[in-house]
Structure formats: C-alpha cells, structure tokens
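Colleague: Compute the structure for the input listed below.
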Amino acid sequence: MNSIALNLEPHQFLTGWRPEAGALFLPALSESRVGEQVVARIGLFGHPVRATVFGKVAMVRRVGRPSLPPGVEVYLDRASVPAARYLALVASGEPVTFQVRAPRYALERPVLVTARRSKVEAHTVTMSEGGCCIAWPDGDPPTPGELLVLRLGKSFLAPSADAVVCWTSDGAPEQIIGARVVSEGRGGRAWKALVAEASRARVRTV
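Modeller: Predicted structure coming up:
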C-alpha cells in the first residue's frame, strides 16, 4: 500500500471527484499501479480541514498535459466516501456540520506497531470500529498519512491489521496518535471482533 499527501485547490478536488462512482482523481505523481491500494492525506488550500481516504487504484497517468494532468484515479473504499463528500462540500463553499462519530471504547490493550522507521510496543487508549488512539512511547511518532501495521496480540500467529495515521497529539504525559484501520480480510475481521468484545463488556464509552 502506497501513501500520498497533497494539498489541492478547491476546484482541483471538485474536478477530480466523481460521487456517483465513489472515485477520486489525485493529480500527484505516485509509484502506485492499477489494482494496488493507496492512502491519501488531502488538504484544501484556504481551509483548515484535512481528510485521509483510501481505496484501490483504477487508473494511472504518468505523463499528462494541462487539461489532463498526471496522477492516479482511486475508487474509494466505502468507509472513505463520507470523508470525500465532506471535502467536496467544503470545496464548494457549502455550510458543513460535523457528523456524530461511531462509539469509542476506553480500552487499554497492548499492540505491536510497525511503522516506516521503527517497530515499537505500544498500547491503545480508545478503540472504535474505524480505528483507535494509541499511546506512543518515547521517540518520534509516525506522521499523518504514514502507514502502520498493528499486531493484535503477542503470539507469532496473532492477526495484524493495516492502519494509517490520521493525526498526532503531544499530550502529557505521553504522545497520542490517531489511526484508522484500513484492513480487509482476516485483519479487518479481527479488529471488528476486538471492538465487538469491548462493546459486549460495556467498556466505558468516550
């Protein structure tokens, strides 16, 4: 899975967004190939909002011209479509409101995190179906848009889930990162099972 971080003019985002297909063209050079998954951290010039979306590459244009710039078209995962719609509203100048997010559960659970520069033992602070907050130990935390692998247990055969960093916070006494889980298959099912277990246990929601 590759990652892209870019800031777009509002009109660029609207030109590349096809809501009926759930597809988004990103005018950015990338090593991604058709069929691969990609994560994009998108900002809009003139606006403070940022969003992280992910999906599967449907088209790659390595060489372009002013009317057809190089870039990649991504068919977004269903979980990323609301974020793209939100960006489209902001880019259009429409009034927007924040949506109520899914329940989060206060649950401290050890997790082995593999990032680009390190592999560390950390623990979750909160969990939800879409992701988690992780207390990061000493050292530089991963940055927004960076890809992570979360091992959901200590055994060698424990399932792992792919995730992407959405935000970081220098809190006291520890640093916190927010990660969105983007795994499908075994890793995605294992993550949802953990959240369902927390829900059944009636862990305090926050």
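
Colleague: tell me which element the nearest residue to His11 once chain neighbours are set aside falls in.
Modeller: Closest residue in space to His11, ignoring its immediate chain neighbours: Ala91 at 7.5 Å, by CB to CB, 6 or more residues apart in numbering. For the C-beta atoms, the positions are set from N, CA and C on the backbone; glycine is no exception. Assigned by DSSP states H and E, Ala91 falls within helix 81-92.

Colleague: Show residues contacting that helix.
Modeller: 10-11, 13-14, 17, 19, 22, 24, 42, 44, 47, 49, 51-53, 76, 96, 99 (CB atoms under 8 Å, 6 or more residues apart in numbering).

Colleague: now do stretch 58-73
Modeller: Contact partners of stretch 58-73, identified using CB under 8 Å, 6+ apart, comprise 4, 16, 23-30, 32-34, 38, 57, 74-75.

Colleague: cool, and stretch 165-185?
Modeller: Residues contacting stretch 165-185 (CB under 8 Å, 6+ apart): 1, 37, 39, 52, 54, 77, 79, 125, 130-137, 141-148, 150, 160-164, 187-188, 191.

Colleague: Narrow these to those in strands?
Modeller: Of the positions in the contacts of stretch 165-185, 37, 39, 52, 54, 125, 131-136, 147-148, 150, 160-164 sit in strands, assigned by DSSP state E.

Colleague: Could you list the low-pLDDT ranges of this structure?
Modeller: The model of the chain has pLDDT under 70 over residues 1, 97-102, 170-174, 202-206.

Colleague: Done for today, thanks.
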